[in-house]
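J.: model this:
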Amino acid sequence: MRISIFSDSFYPYISGVSIAILQQANALAARGHEVSIVRPRPGKSERVDAVPDLDPSIRVLDTPVTIPHRAFARLRLACPTFFSTWRKLRTIDPEVIHVHTEFGTGWEGLALARLRRVPLLGTFHTFFAEPEYLKHFPVPNCSLTRGMLWRYSVGFFNRCHTVVTPSKAVYESLSERGAKCRLEKVSNGIRPPRMQPDEFIQGRRAEMGLGGVTFLYVGRVSHEKSIDLVLEAFGKVWRQDQSVRLLIVGGGPHEEELRKLANAMDCRDAVRFTGPIPNHQLLAENFYRLGDVFVTASTTENQPVSILEAMSFGLPLIGPRAKGLPEMILDDQNGRLVEPRNVRSLAEAMDQARNPTARGRWAAEAGRMALDHDLGQVAGRLEELYGDAIESRRVPD
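T.: Have a look, this model is predicted:
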């Protein structure tokens, strides 16, 4: 099949969405499909000849007119022009178009699916209408705005033949808000990691001063991730055991503020920030294994790739009972679920994770659960959905 993927979020901007797209595109290309990706054109200083870790057979096409996002470094907003992308797609002649975002590049994909009369699929990745996300946009953060954004998203995805929902939470949210399209739950997927020798990991831990139980966060360092709550909960655990450590891997608009917050705490010497690390390096060097327990306080998650990756490395998980996380974190099986935005509940779970017996039991189950999200199975399921859409020859309304 000839598959064209459209997304406003893709390399050089790194997010869970861009990583999921890259891995799914690679898996589809490995199965013999012709895959192309349409993204917003990067800024001049960010352009490179190739996308790291992307199958060289996959073509990457840029929308011509973009502007930088004021809050997220490297994220560009596409201004749809349609004609330029339409000309590029003539040489590809896609049989199916898959949109992963509902903004400028997504609208290009929708319009071109109509013009070229090919079926359109979508994936709903992000709860943009949540109050935590709205902080990054110049709009009133109120119930009226949230309702309008939900209607916008549902209206966009209702133009698709099929919409992929990585979590049950998204499936139910779209259904409750009037989605009329076909909804199919399909994981973002994860490929099995290549493990570095234990000696390599122990050496890196020693270099970073990670001697005791280390709590790990990996992802965008942004307000909606509620990392300040993780810091506060960690401070409580540290008062009981000053050998524990907190490692925050990633960058983002909240990083400087978080560093200042950490530096003002008694536990400041036990907190480590790495800054942004490219995903291919993160996996190749097994950064997840620098931690003993993965922890997040975010209440806006659909199916975060970082948690899939943490499971693939066998890390126990701690996170709130919110959105898609209860589908990934099974309480007292592969980690602990905590009450949303509750520092005391989070600290208690982190304190329990210091027990090596509990950690070992949770880690074993996390590794087993990672197999349920095998990227090969995900690619096979996408093939089926693409085939169904092509067979139906349905065109978006």
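
J.: dump the C-alpha coordinates for stretch 106-115 into PDB.
T.: What follows is stretch 106-115 as a C-alpha-only set of coordinates in PDB (Å, rounded to 0.1, in the frame of the first residue of the first chain):
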ATOM      1  CA  GLY A 106      -4.100  17.700   9.400                       C
ATOM      2  CA  TRP A 107      -6.400  19.900   7.400                       C
ATOM      3  CA  GLU A 108      -4.000  19.600   4.400                       C
ATOM      4  CA  GLY A 109      -4.400  15.800   4.700                       C
ATOM      5  CA  LEU A 110      -8.200  16.000   5.000                       C
ATOM      6  CA  ALA A 111      -8.500  18.300   2.000                       C
ATOM      7  CA  LEU A 112      -6.100  16.200  -0.100                       C
ATOM      8  CA  ALA A 113      -8.000  13.000   0.700                       C
ATOM      9  CA  ARG A 114     -11.100  14.700  -0.700                       C
ATOM     10  CA  LEU A 115      -9.300  16.100  -3.800                       C
END
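
J.: can you list the neighbours in contact with that stretch?
T.: Outside of stretch 106-115, the residues within contact range by C-beta atoms under 8 Å, 6 or more residues apart in numbering are 4, 6-8, 38, 63, 78, 80-82, 85-86, 89, 97-100, 119-120, 122, 156, 159-160, 395-396. Just so you know, the C-beta spots here come from the backbone N, C-alpha and C atoms, and that holds for glycine as well.

J.: please, a ChimeraX command that selects the buried ones among those residues?
T.: Applying 16 or more other C-beta atoms under 10 Å to those, the buried members can be selected in ChimeraX as follows:
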select :4,6,7,8,38,63,78,80,85,89,97,98,99,100,119,120,122,156,159,160,396
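
J.: sort out for me which of the contacts of stretch 106-115 are in helices.
T.: 85-86, 89, 156 (DSSP state H).

J.: closest to Ser45 among these?
T.: Within those, proximity to Ser45 (C-beta to C-beta) peaks at Thr85, which comes in at 23.2 Å.

J.: so what's the backbone phi/psi at Val271?
T.: Note on Val271: its backbone torsions stand at phi -110, psi 130 [degrees, to the nearest 10].

J.: next, the contact list for it, please.
T.: Residues counted as contacts of Val271 (C-beta under 8 Å, 6+ apart) are 231, 234, 245-246, 248, 262, 265.

J.: kindly report the same for Leu149.
T.: Neighbour list for Leu149: 128-129, 134 [criterion: C-beta under 8 Å, 6+ apart].

J.: how much space between Phe292 and Ile227?
T.: Residue 292: Asp, not Phe. 18 Å (C-beta to C-beta, to the nearest Å).

J.: brain fart, Glu256
T.: Taking C-beta to C-beta, one finds Glu256 at 12 Å from Ile227.
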